[in-house]
Every structure is written in structure tokens, then in C-alpha cells.
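1. The following block contains a protein sequence and its predicted model.
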Amino acid sequence: MKIQLEDLTKSFPGRGRNSSRVTAVKDFNFEIPDGELIGLLGPSGCGKSTTLNMICGLEKPTSGKIFFGDKDVTALPPEKRGVGMVFQNYALYPHLTVRQNIIFPLQNLKGKDKLSRAEMEKRAMDAAALVQIQELMERKPGELSGGQQQRVAIARALVKLPHVLLLDEPLSNLDARLRLQTREEIRKIQRATKITTVFVTHDQEEAMSISDRIVVMKAGVVQQTGKPQEVYDDPVNLFVAKFLGTPPINVFQGKIKNGKVCIGDAAVLDAPGQKDRDVFVGIRPEGFLLKEDGPLICQLGGVEVMGRDISIVSNHEASLNPNIRSIISAETKVDTSSEIVRFAVKPSKLFVFDGSSEERIRI
Ligand SMILES: Nc1ncnc2c1ncn2[C@@H]1O[C@H](COP(=O)(O)OP(=O)(O)OP(=O)(O)O)[C@@H](O)[C@H]1O
């Protein structure tokens, strides 16, 4: 089911006297193609959950429209939209078994949707098989691990055969290893069912690894949408560049001067025809090349071996990060007795942003 968001806006009354309204989401326009998994990504408070709640019908938009396929669902209540939802606190009923928890949403179906007991059992078993918890059906939630509980919550969301699956930070209660495993499982389930899915997270790595497309939000406003790799390789502004990538992008205060991008005295890129101005220069960790006569001279802080790669930690007075982190192939020899390290920069890994608007300057 294709989902279309049209000028979607939500504002809440401010708390307390004289406080102005909070615009949680502003003019959100986006089409989610049928069968895709979309990662909605951004820092806390940027409007991710509000967007999801409007898609499922728990929040009414202040203005704008939502379409599922060609149908305008903006005024429909949640139960009429055919969405499955999994929250961060997946709140299973503790006194019910896994089977009863999964069947629960089917018991209130009315009219033509009403199912026989046998049909409900079959649906529950099918959903359990999808998330591979068939052996756990008679246990109570208290007898399950966090990851298993989360799978039950997903099965419960899938049992009504929704057209759309909405996941709000579904992995945040899991430890690091389980997070990784469960996100891969969610991806597999999504591929198998081809349910159009929106996945909310503030973890950029999680969103990048799982999504067909990501939407990066800041303060209620969509900054950029696209395939994860495209957004990483071609950020539209400094916020997006900083938000994606581990280790994060290295940002320097710089200038465009006489047709060159400069960090201090070092000309790191030609910028023919560009007018002189203050800029921010972002260099991805993998964008540095060790070079004896490289223009960018940094103070060497240390070298960390990571197996296939090494990470060189260094400093430069124009750097806005506490440390500059560059990732270099482990075959490269670094003279650790030296106090300085000299870099050239791969042009495709260097981005220039306007010093005041922070928008990308394409060179
Ligand atoms: N019911 C509400 N009343 C007033 N303000 C609200 C309400 N719900 C959300 N907000 C505000 O709207 C903004 C967006 O909130 P939202 O929960 O959508 O952000 P989020 O990106 O999901 O954050 P998080 O990652 O912390 O869950 C925030 O400033 C929040 O305080």
C-alpha cells in the first residue's frame, strides 16, 4: 500500500500561559512507495513519533492530508486504517500467554471481519511463524527475553494482516547484540511480507542499515530524503552531514579564498568561480589520504588499530570536533614518532557548507 503525506502539519498548544504553540511537524510531503521500508530519522523531539501517530490515526493533523493508496484516510480512526503498530514499550499483557497476546487484536473484530476460533488460531500461528516464536506460544511474557517479547509484539501487529506497519523505536529496549539481530529479523519479515513499513529511530546506523529510504528530520522539518547511501554521499546541509556516519564527519571552520577551499592556510580543494566567504568544511573519516606533502597538517594524537583499518586521531586548530578521526587502510604505515601528520583529501568525501546558512555549496 502506497502512503502519501501531503503538506502534513501538526502543532500542539504550548504549555503554560503565554507560551506559543509547538510545531511538531511542518509541511511534510512524502510518498512512501508500496512495499518499501522507510526509516524516519532525527534527534529527540524532531517530530518522528508525531508523524507516525498521524499516519496511524492516533493524532489528527492540524492541516494536510494522508492517503493510503488513492484513499484519503485523514479523517479515519486508527482501527479503520489497517495499520499494525509496534511501540518502544511493547506492553504485552503479562497475564496472557504468547498465543493469547497475539490473538487478542482479532477478538474484537466485528461484522464481516469477525473470525472463527480456528481462523484466529491459524492467523496467530502464521504470525508466530513469521517471527519464529512458535515454540514459545504457551509461555507468559515474563518468561521471555526482551528480544522474544519484541517479536511477540511484532506478531501481534502482523496478525490483523495490516497494509501498513509502523514501528516506533522498536529496538531501544534491547541490548546491543539483540538490537542488531532483531533489526535484521525485522528487515527479513518486511521483505517476506512486503508490508509498507515506517520505522522510527534516532539511531542513524540502525536507520541506514535497515531502510530502503531514509527521511532525515530536524525540528519538525524534513531535511532530506533518499536511499541511505545517497544521503550519506550527498548531504544537502551540515545538519544531515553531521547526523549520518560513524565515526561522525570531521567539521572544520574554513574559507573559500581565491577559488580554493582552505582550512587555515591549507588549500584542500579547488573551487573555481566560487566567491570568497566563510564556510564549514566537512570531511568524512574515510576521506583522508596520508601524504608526505599533503596540504592539511595536523597534530598527531594517536593511532588505533581496528584490524582491517586504522584510525588516526589528530588535531587541528580549525577543527570543530574534539578530535579529527581518519580511517585509513591498515596496510598504510604511520610514523607514530612524528608529532604531525599530513593529509590530502579525497574530493568526493569533502563537503563545503555556507558559513551562515549551513546549506551545501556544490563545487
Ligand atoms: N501531546 C503533545 N503536546 C504538546 N507538545 C507535544 C505533544 N506531543 C509532542 N509534542 C512536542 O512536539 C515535538 C515533537 O515530538 P515527537 O514526540 O514527535 O518527537 P520525536 O522525534 O519522536 O522525539 P523522541 O525521539 O524523543 O521520541 C516535541 O517538541 C514535543 O515536545
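-> Thanks, I have the structure now.
2. so how far is the longest helix belonging to the chain from its chain's centroid?
-> Across the chain, the longest stretch assigned as helix under DSSP state H is helix 176-193. In this view, helix 176-193 has its centroid 15 Å away from the chain centroid, taken as C-alpha atoms, centre = their mean, to the nearest Å.
3. ok, and what's touching it?
-> 37, 130-132, 145-147, 150-151, 154, 158, 165, 167, 170-171, 174, 197, 199, 206, 209-210 (C-beta atoms under 8 Å, 6 or more residues apart in numbering). Glycine gets a C-beta too; all of them are placed from N, C-alpha and C.
4. quick one: buried residues of it?
-> 178, 179, 182, 183, 185, 186, 187, 189, 190, 193 (16 or more other C-beta atoms under 10 Å).
5. got it, and stretch 299-315?
-> Going by neighbour count (16+ other C-beta under 10 Å), the buried part of stretch 299-315 is 300, 309, 310, 311, 312, 313, 314.
6. quick check: domain ranges of the protein?
-> What the record gives for the chain is the domain set 3-242, 249-361, from automatic domain parsing.
7. With mean pLDDT added, can I get the ones you listed in TSV?
-> Below are the domains of the chain laid out as TSV (pLDDT from 0 to 100):
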stretch	mean pLDDT
domain 3-242	92
domain 249-361	95
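8. PyMOL command for the buried members of the contacts of helix 176-193?
-> Here is the PyMOL command that selects the buried residues among the contacts of helix 176-193 (16+ other C-beta under 10 Å):
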select buried, resi 37+130+131+147+150+151+154+158+165+167+170+171+174+197+199+206+210
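9. Tell me which of the contacts of helix 176-193 fall in strands.
-> 37, 165, 167, 197, 199 (DSSP state E).
10. Let me see the contact set for the second one.
-> So that's residue 165. Contacts of residue 165 (C-beta under 8 Å, 6+ apart): 83, 84, 85, 86, 157, 158, 190, 193, 195, 196, 197, 198.
11. Go through those residues and say which is closest to the ligand.
-> Comparing those against the ligand with C-beta to the nearest ligand atom picks out residue 198 as the nearest, at 12.2 Å.
12. So the closest one is in contact with residue 162, correct?
-> No. Applying C-beta atoms under 8 Å, one finds residue 198 not in contact with residue 162, separated by 11.7 Å.
13. more neighbours, these two?
-> Set side by side, residue 198 and residue 162 show unequal neighbour counts under other C-beta atoms under 10 Å, the larger going to residue 198 at 26 against 21.
14. where does this protein come near the ligand, residue by residue?
-> Counting by C-beta under 6 Å from any ligand atom, the residues of the chain close to the ligand are 12, 22, 24, 42, 44, 45, 46, 47, 48, 49, 50, 202.
15. neighbours around the closest residue to the first one other than its chain neighbours, how many?
-> Going back to what we said before, that points to residue 12. Leaving aside its sequence neighbours, residue 12 sits nearest to residue 22 (C-beta to C-beta, 6 or more residues apart in numbering; 4.8 Å). Counted with other C-beta under 10 Å, the neighbours of residue 22 add up to 15.
16. Return the residues in contact with residue 22.
-> Residue 22 neighbours (C-beta under 8 Å, 6+ apart): 11, 12, 13, 14.
17. can you check residue 8 too?
-> Counting by C-beta under 8 Å, 6+ apart, residue 8 makes contact with 25, 27, 28, 29, 51, 54, 61, 63, 64, 65, 66.
18. Pull the contacting residues for the third one.
-> Right, residue 28. By C-beta under 8 Å, 6+ apart, residue 28 lies in contact with 5, 7, 8, 9, 51, 64, 222.
19. same question, the last one
-> Under the criterion of C-beta under 8 Å, 6+ apart, the contact partners of residue 66 comprise 3, 4, 5, 6, 8, 54, 55, 72, 73, 74.
20. Give the buried subset of these as a ChimeraX selection command.
-> Filtering the contacts of residue 66 down to the buried ones (16+ other C-beta under 10 Å) takes a single ChimeraX command:
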select :3,4,5,6,8,54,55,73,74
